[in-house]
Every structure is written in C-alpha cells, then in structure tokens.
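Peer 1: Following is a predicted model, sequence given first.
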Amino acid sequence: MGHLDHAAFGWLTPVLSYVMACIGAALGLRCTVRALAATGRSRRNWLITAASAIGTGIWTMHFVAMLGFSVSGTEIRYNVPLTILSLIVAMAVVGAGVFAVGYSRDRGRALALGGLTTGLGVASMHYLGMAALRLHGDVDYDPLLVGLSVVIAVVAATAALWAGLNIKSPIAVAVASLVMGGAVSSMHYTGMMAVSVQVAPSTAALPGATVMQFVFPLAVGLGSYLFLTSAFVALSPTAGEREASASAQRPVESVAR
C-alpha cells in the first residue's frame with residue numbers, strides 16, 4: 001500500500017485552500033444578500049454571481065488542497081475532461097440551490113431541498129475530482145468516512161444557504177464565511193481520509209495532465225476570478241446606498257424646478 005501525504009508542502013496547501021473556500025463563501029453570501037434585496041434581472045444576475053463564486057471557491061479549495069497530495073511509489077496525473085466536469089457540477093448544483101432559495105416563496109422547504117441538493121452536488125464534485133486521478137495502482141474508499149463527508153457537505157451547504165437568507169451585516173457575513181470555509185475544508189479532508197491506494201509499480205506512462213500542467217494554472221485563474229469579483233461586489237452600491245442616493249437627488253430636482 002502506498003503512503004499517502006495530504007500536505008506535501010506543509011501547511012501551505014491546507015491554509016491556502018481554506019482561504020479560497022472562505023473567499024468563495026464570503027463572496028457568495030454577499031451576492032445572495034444583494035440578490036434578495038433586488039428584483040427582476042438584477043436578482044437573477046446576483047444569484048448567478050453567487051453560484052459561480054461559491055462553486056468556484058469550493059472547486060478551487062479542493063484542487064489547491066490536492067496540490068499537496070502525493071502517493072509514494074507512483075506519480076499522479078489528472079483526467080482533464082473529468083476535472084472540468086467536476087467544476088461544472090460544482091457551479092450547477094450550487095446554482096440550483098441558490099436559485100431555489102432566491103425565488104421560492106416557501107423559504108423553509110427551499111432551504112431543506114436546496115441544502116440537500118447542493119450538499120450532494122458538492123460531494124459529487126469532490127469524488128468526481130478524485131475519479132480524475134490517474135496513478136499506478138487502485139484507489140479504495142472507507143464507506144463510513146465517505147458517508148460522513150457527504151453528511152458534512154449537506155450540513156455545510158444548508159448552513160451556507162441559511163446564512164444567505166438570514167445574515168445581512170458584513171461582519172456577520174465574514175464570521176459565517178470563516179465557519180463555512182472550515183466546514184468545506186473538513187468535508188474535503190474527511191473525504192481524503194477515506195482514501196487508500198494499493199500501488200502497482202509500473203514504468204508505463206500515465207494518461208492525463210500533471211498537476212502543474214493543468215490543475216495549478218486553472219486554480220490560479222479561478223482564484224483570480226474570485227478576487228476580481230470580490231472587488232466588483234465591494235465597489236457596487238448596495239440597494240440601501242442606491243436608495244439613499246436617489247433620495248438625496250430628489251430635493252435637488254425639486255429646487256431646480
């Protein structure tokens with residue numbers, strides 16, 4: 001059995017992956033708050049941004065953490081189509097959950113259904129990403145730990161959607177984001193603890209791309225997207241600020257008349 005190292009670069013990848021999860025959660029929550037205060041096309045656009053932010057944050061967290069994953073006795077490569085599919089799944093299922101909460105009149109039912117759907121989707125993203133691994137050997141999983149990771153994913157997703165509905169202040173969003181980042185990271189490493197690898201040494205070339213050829217550049221690109229979108233959201237006026245600006249302009253218009 002090959003020795004698994006989940007932090008080949010020390011604390012760098014666990015800490016950086018946690019930071020990415022927190023950024024994605026914070027951005028998603030802020031966008032959800034903006035969406036619930038908006039109507040029409042504006043609400044839809046904010047919800048799309050929230051879904052892409054949370055989905056991207058979760059996916060980036062997973063693969064940044066995977067940068068530190070190694071197995072003794074074999075190199076590791078990644079199947080590119082499966083890796084991209086895992087990103088699409090992450091954004092699609094988070095989008096389904098966010099839109100369910102954003103548009104449903106029965107918020108309680110939408111929260112339960114959205115949390116379950118999103119949590120299962122997050123777990124699917126994780127295990128699709130793991131299915132993309134290519135190495136010399138066989139990968140096995142501990143069913144109990146896999147089940148626990150799925151439960152953590154569902155609870156984390158439900159908590160995130162609840163926070164989007166009920167938390168408004170920036171400080172509360174920041175605290176909720178730190179908690180959500182921890183929950184997502186816990187789900188990831190619980191899933192990784194379920195992994196065991198039976199190495200079959202071979203000199204044959206592995207298919208797929210190395211982590212530095214594909215995963216790292218994509219993670220950097222998505223991380224840049226999160227930072228740029230965070231700046232956009234921070235600079236965009238809130239509904240309250242727009243209303244205050246409109247109110248301030250009304251007396252001026254009345255005097256001009």
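Peer 2: Right, received. Where do you want to start? Numbering: from 1, shown residues only.
Peer 1: quick one: the helices in the protein?
Peer 2: 12-36, 40-66, 80-103, 107-131, 143-166, 170-193, 216-235, 239-256 (DSSP state H).
Peer 1: between those, which gets nearest to H6?
Peer 2: Distances from H6 to each of these were compared using Cβ to Cβ; the minimum, 5.5 Å, belongs to helix 170-193. Using the backbone N, CA and C atoms, a C-beta is placed for each residue, glycine as well.
Peer 1: how about the closest one as CSV, C-alpha atoms only?
Peer 2: Only the C-alpha atoms of helix 170-193 are listed here, as CSV (Å, rounded to 0.1, in the frame of the first residue of the first chain):
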residue,chain,number,x,y,z
PRO,A,170,-20.7,42.5,6.6
ILE,A,171,-19.2,41.4,10.0
ALA,A,172,-21.7,38.6,10.3
VAL,A,173,-21.0,37.5,6.7
ALA,A,174,-17.3,37.5,7.5
VAL,A,175,-17.8,35.3,10.5
ALA,A,176,-20.2,32.9,8.6
SER,A,177,-17.6,32.7,5.8
LEU,A,178,-14.9,31.6,8.2
VAL,A,179,-17.2,28.9,9.5
MET,A,180,-18.2,27.8,6.1
GLY,A,181,-14.6,27.7,4.9
GLY,A,182,-13.9,25.4,7.8
ALA,A,183,-16.8,23.2,7.1
VAL,A,184,-15.9,22.8,3.4
SER,A,185,-12.3,22.1,4.3
SER,A,186,-13.4,19.5,6.9
MET,A,187,-15.6,17.8,4.2
HIS,A,188,-12.6,17.6,1.8
TYR,A,189,-10.1,16.2,4.3
THR,A,190,-12.7,13.8,5.7
GLY,A,191,-13.1,12.5,2.2
MET,A,192,-9.4,12.3,1.7
MET,A,193,-9.0,10.3,5.0
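Peer 1: Show me the contact partners of that helix.
Peer 2: 4, 6, 14, 17-19, 21-23, 25-26, 29-30, 33, 57-58, 61-62, 65, 69, 122-123, 126-127, 130, 142, 145-146, 148-149, 152-153, 155-156, 159-160, 163, 167 (Cβ atoms under 8 Å, 6 or more residues apart in numbering).
Peer 1: ok now it, how far from the chain's centre?
Peer 2: 10 Å (Cα atoms, centre = their mean, to the nearest Å).
Peer 1: residues of that helix that come out buried?
Peer 2: 173, 176-177, 180-181, 183-193 (16 or more other Cβ atoms under 10 Å).
Peer 1: Next: stretch 142-153.
Peer 2: 146, 148-150, 152-153.
Peer 1: now that stretch: how far from the chain's centre is it?
Peer 2: 18 Å.
Peer 1: which outside residues touch that stretch?
Peer 2: Residues contacting stretch 142-153 (Cβ under 8 Å, 6+ apart): 119-120, 122-123, 126-127, 183, 186-188, 190-191, 193-194, 196.
Peer 1: Mind doing that once more with 7 Å?
Peer 2: 119, 122-123, 183, 186-187, 190-191, 193-194 (Cβ atoms under 7 Å, 6 or more residues apart in numbering).
Peer 1: Identify the residues contacting the residue nearest the centre of the chain.
Peer 2: For the chain, the residue nearest the mean C-alpha position is I58 (2.0 Å; Cα atoms, centre = their mean). Going by Cβ under 7 Å, 6+ apart, I58 touches 21, 24, 90, 122, 125, 184.
Peer 1: what sits against the residue nearest to it when sequence neighbours are not counted?
Peer 2: Nearest-residue entry for I58: A90, 5.4 Å, with adjacent residues in sequence omitted and distances by Cβ to Cβ, 6 or more residues apart in numbering. Counting by Cβ under 7 Å, 6+ apart, A90 touches 55, 58-59, 121-122, 125.
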